[in-house]
Each structure stands twice: as C-alpha cells, then as structure tokens.
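>>> quick check, what structure comes out for this input:
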Amino acid sequence: MKNALIATVLVLVCSLFVQPLSASPEDNVRLYQDYFKKRFPNIDFQEFANGVYAVNAQLRENWEAIEEFPPYEPFVERGESMWNTAFANGKSYADCFQNGPGSKHLYPQWSKEQGKVITLALAINQCREANGEKPLKYKKGPINDILAYMAYESRGQLTNVVIPADDPRALEAYKQGKEFYFTRRGQLNFSCSHCHFSSSGMNLRSDVLSPAVGQTTGWPVYRSKWGTVGTLHRRYTGCNKQVRAKPFPAQGEEYRNLEYFHTHMSNGVVLNGPSSRK
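Just a heads-up that it's a prediction; the model follows:
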C-alpha cells in the first residue's frame, strides 16, 4: 500500500512539471488539488486554508496559542474605521463594493473593460482615486488595515476565482501567472513550485514549507518576522529576494497574474483571513 501511494505521488509530481501551459484551468486545479490530497491524505481539504499549520502538529500548537489573542485584531479595527469613514466627496468604500466589506471572495477577478486582472488591493485604490483620494502604498501601512477588515468580513466564504471563457485575454493572464509560478528564477534557480509542491511539508533550514493549495486564503497576514500585517505581494517580493531574483513591483502585471493563477489553485477552499504566520 505504501509503495502504491509513493508511485501515485510520483506520477502526479511528474504530471505537474510536464503539464503543458495549454491545459485548461479546470484541468489544472483538479490536478493540483488531487496532488495535495494524496500527499497529505489525513488532512481535511478545508484544513489547507491553515497553511503549514495544517501539516505540522508542533507549529499548529504554537499557532493556536497565538490565535487566542490575534495580533492582527488592531488592524481589523482600524480597517473597519476606514470603511465607515466617508471620503471628502461624501462617498465611501461602500459605493465601490456593492457586496459590502465581505467582498474578498470576488477577487482577484478579470476586468473585461480594463483588460487586466483586478486584485482586491488594486480595486481599493481604484475606488479611492475615483473619489479624489490618494492611493495607498501596496505593501505596508493602511492598505493592510482595510484589507484585514474586508478579509475578516469575508471569512467563511469559498475561494472562487473565475477565468471567463469568452475573453482570451483572461486565459492568457492566467497562463502567464502559471508560467511565473513554475519558472526557475534568481541565482538559486528556484521556482515557486519547488518549495510549495514537491517540497511541501518539508524543512528548509528552520522553516516548514507550506502546501500551495490554500496559501492565498488567509491574506493579509501578520508575520512574526515582519512584526506587522503585510500583503500577499509583499510576500511575493520576499520570495523573489530569497531566491536572489529581482522582485517585480507590487500590483504590477506580473504579480497580479501570479495571484490570479495562485488563488485559482485554491478554488473551493474557505477564506480565513486575516491570519497569523511565523
């Protein structure tokens, strides 16, 4: 039985890395999720929302203790205040987000009108600029407050990224995000997939590598390393630096397309942000 499982996992790993970029998003997500279900057979699918704490009992115990007094709570409170404060023109975020603060499950989304992927952070700044307000910086500061509040209000909803079939530009953006994820880069010649597929659950020095499925559900996150809450694109920047590759601009096309693909991989996984991570 053990040998049969190992053989199955090896077949899936090979499929992941030889799968053509032309494979459909639906085929992709089934393959990726099946891989992790077989790699971690004793973990409930929804547990992948908890990242590394789903696959490592010792880290989970420490994390649960931290979650008793969540370090991100002040950010949620400030975000709620931002949401309820009117802009200078009398309008507010509620005028931009018709589903209210619990709209995180709708992002990232493809905008046919703009011809690009719109993330929640980008939508927040587009809302501000449309109402005469200055945009927020994308990696640190108040952007994390409003994102934390909207993530909190979206808890319990399921990740549901749509790749519209009637606009080939959307599929191309998805493919570019997929290519980014599986492409080696930097002086260390690593791709995102090297750590979070074949090495998921393993140790990299003192860190345990989290599975790719479920990675996007908890953002923004409070990281002990940062001492504050940060965005997903701040983490993308850090990952690029770790493999000694030049990072791309936060909310630039490269990272937005990556987020589009990366989040689609977790379709069906519950949203549980904001969260705390090591």
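>>> buried stuff in stretch 271-278?
271-278 (16 or more other C-beta atoms under 10 Å). Yep, even glycine has a C-beta here, placed from its N, CA and C like the rest.
>>> that should have said stretch 138-156, apologies.
Residues of stretch 138-156 classed as buried by neighbour count (16+ other C-beta under 10 Å): 138-139, 143-155.
>>> just stretch 32-49 next, same as before
Buried residues in stretch 32-49, counting neighbours by 16+ other C-beta under 10 Å, are found at 32-33, 35-36, 39-40, 43, 45, 47-49.
>>> hey, where'd the strands end up in the protein?
With DSSP state E as the criterion, the chain has strands at 109-111, 116-118, 203-204, 207-208, 221-223, 228-230, 275-277.
>>> inside helices: which ones of the buried residues of stretch 32-49?
Judged by DSSP state H, the subset of the buried residues of stretch 32-49 located in helices is 32-33, 35-36, 39.
>>> rank the strands of the chain by pLDDT, which is bottom?
The stretch with the lowest mean pLDDT among the strands of the chain is strand 203-204, which comes in at a mean of 84.
>>> show me how the protein divides into domains.
Domain assignment for the chain, taken from automatic domain parsing, gives 2-70+165-277, 73-153.
>>> ends of the shortest one, what's the gap?
The separation between the terminal residues of domain 73-153, taken as C-alpha to C-alpha, to the nearest Å, is 13 Å.
>>> burial of Ala86, as a residue count?
When neighbours are defined as other C-beta atoms under 10 Å, Ala86 has 12 of them.
>>> leaving out sequence neighbours, find the closest residue to it.
Here the nearest residue to Ala86 in space, its sequence neighbours aside, is Ser92; by C-beta to C-beta, 6 or more residues apart in numbering that works out to 4.9 Å.
>>> now do the one you found against Ala130, distance only.
Ser92 is 12 Å from Ala130, where distance means C-beta to C-beta, to the nearest Å.
>>> the two: which has the busier surroundings?
Set side by side, Ser92 and Ala130 give different neighbour counts by other C-beta under 10 Å, the larger being at Ser92 (16 against 13).
>>> wouldn't the more buried one be in contact with Gly100 here?
No. Proximity of Ser92 to Gly100 does not meet the contact threshold set by C-beta atoms under 8 Å, at 11.1 Å.
>>> now do the helices in the stretch 151-278 of the chain.
168-182, 192-193, 232-242, 253-264 (DSSP state H, counting those that start in this stretch).
>>> nearest spatial neighbour of Gln109, chain-adjacent residues omitted?
Closest residue in space to Gln109, ignoring its immediate chain neighbours: Ile118 at 5.5 Å, by C-beta to C-beta, 6+ apart.
>>> got the contact list for the one you found?
107-111, 126, 256 (C-beta atoms under 8 Å, 6 or more residues apart in numbering).
>>> got the contact list for the residue nearest to Phe48 when sequence neighbours are not counted?
Closest residue to Phe48 apart from its sequence neighbours, by C-beta to C-beta, 6+ apart: Gly214 at 3.2 Å. Under the criterion of C-beta under 8 Å, 6+ apart, the contact list for Gly214 reads 47-51, 54, 266, 269.
>>> next, format the contacts of Ile118 as TSV and append distance to Arg244 and neighbour count.
Written out in TSV, the entries for these read as follows (distance: C-beta to C-beta, whole Å; neighbours: other C-beta atoms under 10 Å):
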residue	distance to Arg244	neighbour count
Tyr107	30	21
Pro108	27	27
Gln109	33	19
Trp110	32	20
Ser111	34	16
Gln126	33	15
Arg256	23	22
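>>> pull the most distant pair out of these.
Greatest spatial distance in these: Trp110 and Gln126, 14.6 Å, computed using C-beta to C-beta.
>>> and Phe69, how close does it get to Ser276?
In this structure, Phe69 lies at 10 Å from Ser276, with C-beta to C-beta as the measure.
>>> what is the burial count for the closest residue to Ala94 other than its chain neighbours?
Spatial nearest neighbour of Ala94, excluding adjacent residues (C-beta to C-beta, 6+ apart): Gly100 at 6.7 Å. Gly100 has 12 neighbouring residues, counting by other C-beta under 10 Å.
>>> would TSV of the strands of the chain with distance to Asn160 be doable?
Conversion of the strands of the chain to TSV gives the following (distance: least, C-beta to C-beta, whole Å):
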stretch	distance to Asn160
strand 109-111	10
strand 116-118	15
strand 203-204	31
strand 207-208	28
strand 221-223	21
strand 228-230	24
strand 275-277	19
